[in-house]
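# compute the structure for the input listed below.
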Amino acid sequence: MQGNDLEAIITLLEVSAILLTPTAGTLFTRDQLFAQMHELGGSEITVDERDARIVLQHVRFLRRHAGNRWSLR
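I've put the predicted structure just below:
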């Protein structure tokens with residue numbers, strides 16, 4: 001699977017956010033989110049962080065908070 005595949009990036013973002021949210025309202029940083037994405041993708045899926053940043057700006061399942069922190073909606 002290509003790491004610049006939009007569907008793959010969205011799926012990795014969403015699953016990573018879920019894994020970083022043990023309880024409702026948990027905040028995480030973009031760096032934590034991207035690290036989780038890379039861990040999930042492993043050597044099978046390498047995601048270009050530039051592509052992931054662009055996608056991150058447009059997904060609706062995440063909410064941005066002050067201090068470049070994020071949470072699930």
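# how far away is the nearest residue to residue 17 once chain neighbours are set aside from residue 46?
If the residues on either side of it in the chain are set aside, residue 17 comes closest to residue 72, at 5.4 Å by Cβ to Cβ, 6 or more residues apart in numbering. Backbone N, C-alpha and C define where each C-beta goes, glycine included. Summarising the geometry, the distance separating residue 72 from residue 46, computed by Cβ to Cβ, to the nearest Å, is 25 Å.
# neighbour count: these two, which is higher?
The residue with more neighbours, out of residue 72 and residue 46, is residue 72; 16 against 12, by other Cβ atoms under 10 Å.
# surely that one meets residue 19?
No. At 10.6 Å, residue 72 does not count as touching residue 19 under the criterion of Cβ atoms under 8 Å.
# ok, now how distant is the residue nearest the centre of the chain from residue 23?
Centre of the chain computed as the mean C-alpha position; nearest residue by Cα atoms, centre = their mean is residue 13, 2.9 Å away. Residue 13 sits 19 Å away from residue 23 when distances are taken as Cβ to Cβ.
# what do you get for residue 49?
Between residue 49 and residue 23 the computed distance is 27 Å (Cβ to Cβ).
# can you check residue 34 too?
From residue 34 across to residue 23, the span is 22 Å (Cβ to Cβ).
# more neighbours: the two, which one.
In this comparison of residue 34 against residue 23, neighbours counted by other Cβ under 10 Å, the higher total goes to residue 34 at 18 against 5.
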